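Enquirer: Give the three-dimensional model of this entry:
(one chain, ligands or ions: 1)
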Amino acid sequence: MKVLMVCLGNICRSPLAEGLFRQKAEDNNMEIDVDSCGTSGYHNGEAPDPRTTDNARKNGLDLSMLRSRKFHASDFDTFDLIYVMDSSNYANVKALSRSDSDMEKVDFLLNATFPGENRAVPDPYFGGENGFQEVYDLVNDACEQLIQKLSS
Ligand code: 4NP
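Expert: So this is what the prediction gives:
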């Protein structure tokens, strides 16, 4: 099983989702490959935003080794499940899809906790410090639900 988390810059939301999902998979002895990327490539090769890494560290999660990369159409071949953070990410991923079966792999991450609502993980990049814990809690709960579902 291979899971991909997608946001815009791959420095705030999706690296956090990658780290949390990997940690939970390991805690549950599940063999799942997890990666993340951004639809923009604005921050290619960069470590996550320091506000994201600091907040994650406060919650016991180390994201410092992750590096940003851009989403590519070949990711549809590599990954079984692709989770986007918001509708803009969804549209960008859809624009690169080559078939209906590509898009069958794609869902909103928060549909794990709010089924069918296509809710966004708010982008904390331009907001204040509080946004990072709010994002952490939303992503943590969604990853927990996904892990429970995949392990049952
Ligand atoms: P992310 O946040 O998509 O959660 O990584 C953003 C990071 C960078 C930018 C926008 C959103 N940016 O415009 O550079």
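Enquirer: Could I get the full set of helices for this structure?
Expert: 13-27, 50-58, 75-78, 87-96, 100-104, 130-151 (DSSP state H).
Enquirer: Of these, which is nearest Leu110?
Expert: Nearest to Leu110, of all these, is helix 130-151, at 5.5 Å by Cβ to Cβ. Backbone N, C-alpha and C define where each C-beta goes, glycine included.
Enquirer: buried stuff in that closest one?
Expert: By neighbour count on 16 or more other Cβ atoms under 10 Å, the buried set for helix 130-151 is 131-132, 135-136, 138-140, 142-143, 145-147, 150.
Enquirer: neighbours around the spatially closest residue to Asp33 that is not a sequence neighbour, how many?
Expert: Once flanking residues are discounted, Asp33 sits nearest to Lys2: 4.4 Å by Cβ to Cβ, 6 or more residues apart in numbering. Lys2 sits with 14 neighbouring residues when counted by other Cβ atoms under 10 Å.
Enquirer: same deal with Thr53?
Expert: As a burial measure, Thr53 scores 21 neighbours (other Cβ under 10 Å).
Enquirer: do the same with Asn10
Expert: Around Asn10 there are 29 other residues, counting by other Cβ under 10 Å.
Enquirer: I figured it hits His43, correct?
Expert: Yes. Under the criterion of Cβ atoms under 8 Å, Asn10 makes contact with His43 at 6.3 Å.
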